[in-house]
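> sequence? don't have it. structure:
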């Protein structure tokens, strides 16, 4: 949701920059128009980084590795109300349980996904 909002915000800024303003000086509107465009770009980049972090966290949870990455990603997802906040809160609760910490520390029990074997 954050990248969509950022893209809309950036489009608003670009629309302000490209708009034909009949009043002089036109450079003032161009300077103001770049502010939402740049902010929209930062919001989109933040959203893309959050998606990449979520994908890396999903892989880390599957492999029971890098619990710090899982907690940091949960913290980044907190502002995405309401689903991100709920999932982050439950992530903090579950990942801080002693049994779950032990599962992350025990590297011998990592279960790899099944591999399909096709006859040649």
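Happy to help now that I have it. Bear in mind the structure is a predicted one, so any value in this text is a computation, not a measurement. Numbering: from 1, shown residues only.

> tell me which element the residue sitting nearest the centre point of the chain is part of?
Nearest residue to the geometric centre of the chain (C-alpha atoms, centre = their mean): residue 50, 1.4 Å. According to DSSP states H and E, residue 50 maps onto helix 26-63.

> any weak-confidence spans in this structure?
Residue ranges of the chain with pLDDT under 70: 1-3, 16-31, 33, 107-120.

> can you rerun that using 90?
1-51, 61-65, 67, 76-85, 87, 99-120 (pLDDT under 90).

> quickly note the distance from the closest residue to residue 61 other than its chain neighbours to residue 36.
Spatial nearest neighbour of residue 61, excluding adjacent residues (C-beta to C-beta, 6 or more residues apart in numbering): residue 70 at 6.1 Å. (Glycine included, C-beta is placed from N, CA and C.) Separation of residue 70 from residue 36 (C-beta to C-beta, to the nearest Å): 34 Å.

> higher neighbour count, those two?
residue 70 (23 against 20; other C-beta atoms under 10 Å).

> show me what contacts the more buried one?
For residue 70, the contact set (C-beta atoms under 8 Å, 6 or more residues apart in numbering) comprises 57, 60, 61, 91, 95.

> beyond the helix or strand containing it, next helix or strand please.
Using DSSP H and E, residue 70 sits within helix 67-77. Using DSSP H and E, the helix or strand that directly follows helix 67-77 along the chain is helix 83-95.

> so which bits of that next one are buried?
Counting neighbours by 16 or more other C-beta atoms under 10 Å, one finds that the buried residues in helix 83-95 are 84, 88, 91, 95.
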